[in-house]
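Novice: got a predicted structure here, sequence first:
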Amino acid sequence: MNIGLIDVDGHSGFPNLALMRLSAWHKNRGDVVEWWNGFCHYDRVYMSKVFTFTPDVDTVIDADEIIRGGTGYKNYGSLPDKIERASPDYSIYPGVDYAIGFLTRGCIRRCPWCIVPQKEGQIRPAATWEEIKRPDSDRIIALADRILEKWRGYTDESAFVYAYTDGEPHNTITPIARKRGENFELDLVLRNNITTPEHPLGVYHPHAKLHHIKKENIGLIEVMGLAVLPARLKEEMAQLKEAILTGARLREDEVLAKHADWVDEFRPKYDQIDSSNIDGIIENEIGLVFMEVLEDAGVYKRTAEGQAAFDRFIGCI
C-alpha cells in the first residue's frame with residue numbers, strides 16, 4: 001500500500017505521535033509511507049489534527065481512503081493496540097532528537113477547558129521508560145559522547161571530583177552497550193582515578209580494609225552486578241572455615257592473618273558458627289564486603305549529598 005500522512009497542525013513544530021506510530025506500523029508491513037504529496041495518488045491517507053482551531057486541509061486529496069483522527073476533529077478514540085504499542089517512526093521528523101511517548105494516560109483533574117478526562121479517563125500507567133526509549137543507535141552514541149566530553153573536564157571540589165591535578169587527567173567513563181530486542185541501551189559508569197596519601201591506590205577504589213577480599217578495582221562485570229573475586233579466595237576461604245571451626249589463631253597464620261579483623265567483626269553477629277552454617281555465613285559476609293567495594297568505587301555515593309552532587313553534574317550536560 002501507498003500511505004500518505006498529513007499533520008494538519010503542521011509538522012514543522014511538535015511531532016505527531018499518532019502519525020509516527022502509524023508510519024512505523026505500515027513500514028513494518030512493507031508499505032510505502034511518506035508525507036502526503038498533492039500530486040500523488042494514495043491507497044490511504046491519514047489526517048491527524050490535535051487542535052480544533054487549526055484550519056483543515058481544503059485541498060482535494062487523491063486517495064482511495066481518507067482517515068481523519070485526533071482531538072482537533074473531536075475524535076476521542078484511540079489507535080488499535082497493535083499500533084499504539086508500535087515504536088514511533090522518528091525518521092518522519094528528522095529534527096526530533098529525543099524520545100516521546102506516554103508514561104501515563106488520563107488525568108486526576110477535570111478542568112472545564114480540557115478534554116483529557118473525557119478522552120482518556122482516570123490516570124493510569126501507559127508504558128515504562130524502557131518501552132518509550134528510542135531504538136536508534138546514532139543518537140545514543142552522540143549523547144554518550146557529550147556526557148564523556150563534559151565529564152572529562154568536570155570539577156566539583158565540594159564532592160572531591162577533580163578533572164585534573166598537576167596536569168594529570170582523572171575523569172573517564174566505562175561504557176556498557178547492549179541491544180535488547182530492537183533497542184540499544186548504553187550504561188555509562190563515571191570513573192575518577194585521583195589518589196591521596198590515605199588512599200594511594202585511588203579514592204574511588206576499594207579501600208585498604210577491604211583488600212583482604214578485593215584489592216583490584218572493579219570493572220564492567222562488577223558494575224553489571226556480578227562479583228568477580230580473586231582466585232586465591234577459593235583456597236583461602238576453605239582454610240579460613242577450617243580455622244574458625246577448630247579455633248585456630250588466625251593472626252598467627254601467614255595466609256589467614258589478613259582476614260582476622262574481618263572475622264572479629266562478623267563473628268559477634270552470629271549466636272553460633274558451626275559446620276552447618278559456616279558456608280552460608282562466609283558467602284554472606286563476602287557479599288557484604290563486596291557491597292562496600294562497590295560503594296568505595298562509586299564516585300557519587302547513595303546518600304543525599306551524593307545525589308545532590310550527581311545532580312549538579314547532570315545539570316551541566
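Specialist: Yep, it's here.

Novice: residues touching His147, list them.
Specialist: Just so we're on the same page, residue 147 is Ile rather than His. Neighbouring residues of Ile147 by C-beta atoms under 8 Å, 6 or more residues apart in numbering: 173, 188, 317. For the C-beta atoms, the positions are set from N, CA and C on the backbone; glycine is no exception.

Novice: ok, 6 Å please
Specialist: Counting by C-beta atoms under 6 Å, 6 or more residues apart in numbering, Ile147 makes contact with 188, 317.

Novice: same thing with the one 5 residues further on?
Specialist: With C-beta under 6 Å, 6+ apart as the criterion, the residues that contact Arg152 are Asn171.

Novice: based on its surroundings, how many neighbours for Lys215?
Specialist: As a burial measure, Lys215 scores 13 neighbours (other C-beta atoms under 10 Å).

Novice: nope, Ala159 is what I meant
Specialist: 19.

Novice: which one is it nearest to, not counting chain neighbours?
Specialist: Setting aside the residues directly before and after it, Ala159 is nearest to Ala309 in space (C-beta to C-beta, 6 or more residues apart in numbering), at 3.8 Å.

Novice: and the gap between the one you found and Ile66?
Specialist: As judged by C-beta to C-beta, to the nearest Å, Ala309 and Ile66 stand 56 Å apart.

Novice: before we move on, what about Asn192?
Specialist: Distance from Asn192 to Ile66, by C-beta to C-beta: 59 Å.

Novice: same thing with Asn37?
Specialist: Relative to Ile66, and taking C-beta to C-beta, Asn37 is found at 15 Å.

Novice: same question for Arg134.
Specialist: 30 Å.

Novice: for the helix or strand harbouring the residue nearest to Ala159, which positions count as buried?
Specialist: Taking DSSP states H and E as the criterion, Ala309 maps to helix 304-315. The neighbour-count check on helix 304-315 (16 or more other C-beta atoms under 10 Å) flags 309-310, 313 as buried.

Novice: which of Asn192 and Ile66 has more neighbours?
Specialist: The residue with more neighbours, out of Asn192 and Ile66, is Asn192; 22 against 15, by other C-beta under 10 Å.

Novice: hang on, that one packs against His170?
Specialist: Yes - Asn192 lies in contact with His170 (C-beta atoms under 6 Å); the separation is 5.0 Å.

Novice: centroid residue for this protein?
Specialist: Asp187 (6.4 Å; C-alpha atoms, centre = their mean).

Novice: name the helix or strand for the residue nearest to that residue when sequence neighbours are not counted, please.
Specialist: Once flanking residues are discounted, Asp187 sits nearest to Ile176: 4.2 Å by C-beta to C-beta, 6+ apart. Element membership of Ile176 [criterion: DSSP H and E] is strand 171-180.

Novice: repeat that for Val289.
Specialist: Here Val289 is assigned to helix 278-297, by DSSP H and E.

Novice: name the helices or strands packed onto that helix?
Specialist: Identification of packing neighbours for helix 278-297 by 3 or more C-beta pairs under 6 Å, 6 or more residues apart in numbering; DSSP states H and E yields no helix or strand.

Novice: just the C-alphas of it, formatted as PDB.
Specialist: Output of helix 278-297 as PDB, limited to C-alpha atoms (Å, rounded to 0.1, in the frame of the first residue of the first chain):
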ATOM      1  CA  ILE A 278      29.600 -21.600  58.200                       C
ATOM      2  CA  ASP A 279      29.400 -21.900  54.400                       C
ATOM      3  CA  GLY A 280      26.400 -19.600  54.300                       C
ATOM      4  CA  ILE A 281      28.000 -17.100  56.800                       C
ATOM      5  CA  ILE A 282      31.200 -16.800  54.800                       C
ATOM      6  CA  GLU A 283      29.300 -16.300  51.500                       C
ATOM      7  CA  ASN A 284      27.100 -13.700  53.100                       C
ATOM      8  CA  GLU A 285      29.900 -11.800  54.600                       C
ATOM      9  CA  ILE A 286      31.900 -11.800  51.400                       C
ATOM     10  CA  GLY A 287      28.800 -10.300  49.700                       C
ATOM     11  CA  LEU A 288      28.700  -7.600  52.300                       C
ATOM     12  CA  VAL A 289      32.300  -6.800  51.700                       C
ATOM     13  CA  PHE A 290      31.700  -6.600  48.000                       C
ATOM     14  CA  MET A 291      28.900  -4.100  48.600                       C
ATOM     15  CA  GLU A 292      31.500  -1.900  50.400                       C
ATOM     16  CA  VAL A 293      33.800  -2.400  47.400                       C
ATOM     17  CA  LEU A 294      31.100  -1.000  45.100                       C
ATOM     18  CA  GLU A 295      30.400   1.900  47.500                       C
ATOM     19  CA  ASP A 296      34.100   2.800  47.600                       C
ATOM     20  CA  ALA A 297      34.400   2.600  43.800                       C
END
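
Novice: in it, what's buried?
Specialist: 278, 281-282, 285-286, 289-290, 293-294, 296-297.

Novice: how far off centre is that helix?
Specialist: 26 Å (C-alpha atoms, centre = their mean, to the nearest Å).

Novice: which residues touch Asp89?
Specialist: Contacts of Asp89 by C-beta under 6 Å, 6+ apart are 20, 23-24.
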